[in-house]
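>>> Just to be clear, the model below is a prediction. Sequence and coordinates:
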Amino acid sequence: MAWWPHDLFGEPHLHTVRDVLLHVITETACHAGHLDAARELIDGRRWLVLT
């Protein structure tokens, strides 16, 4: 197991490769959404418009 400073960061919460992959996918989607919102504010274009 990799070294993890428990006194600084607490117990690790990602125990399996599945947990890590889901975390990476979730964080990527979240940050991509933030970037898309910022881009819309800059150039005014929208990729998905529901009517």
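All right, it came through fine. Numbering: from 1, shown residues only.
>>> Nearest residue to His13 in space, ignoring adjacent ones along the chain?
Asp19 (7.6 Å; C-beta to C-beta, 6 or more residues apart in numbering). Any C-beta I mention is one placed from the backbone N, CA and C, and that applies to glycine too.
>>> Find the helix or strand that that neighbour is a member of.
Assessed by DSSP states H and E, Asp19 sits inside helix 17-43.
>>> Distance from that helix to the middle of the chain?
5 Å (C-alpha atoms, centre = their mean, to the nearest Å).
>>> Could you pull up the mean pLDDT of it?
Summarised as a single mean, pLDDT over helix 17-43 is 85.
>>> how deep is Asp36 tucked in, by neighbour count?
Other residues near Asp36 come to 13 when the count uses other C-beta atoms under 10 Å.
>>> Over to Arg39?
13.
>>> Likewise for Val20?
11.
>>> Not counting its neighbours along the chain, what's nearest it?
Leu14 is the one closest to Val20 (C-beta to C-beta, 6+ apart), at 5.0 Å.
>>> Pull the number of nearby residues for that neighbour.
The burial count for Leu14: 12, using other C-beta under 10 Å.
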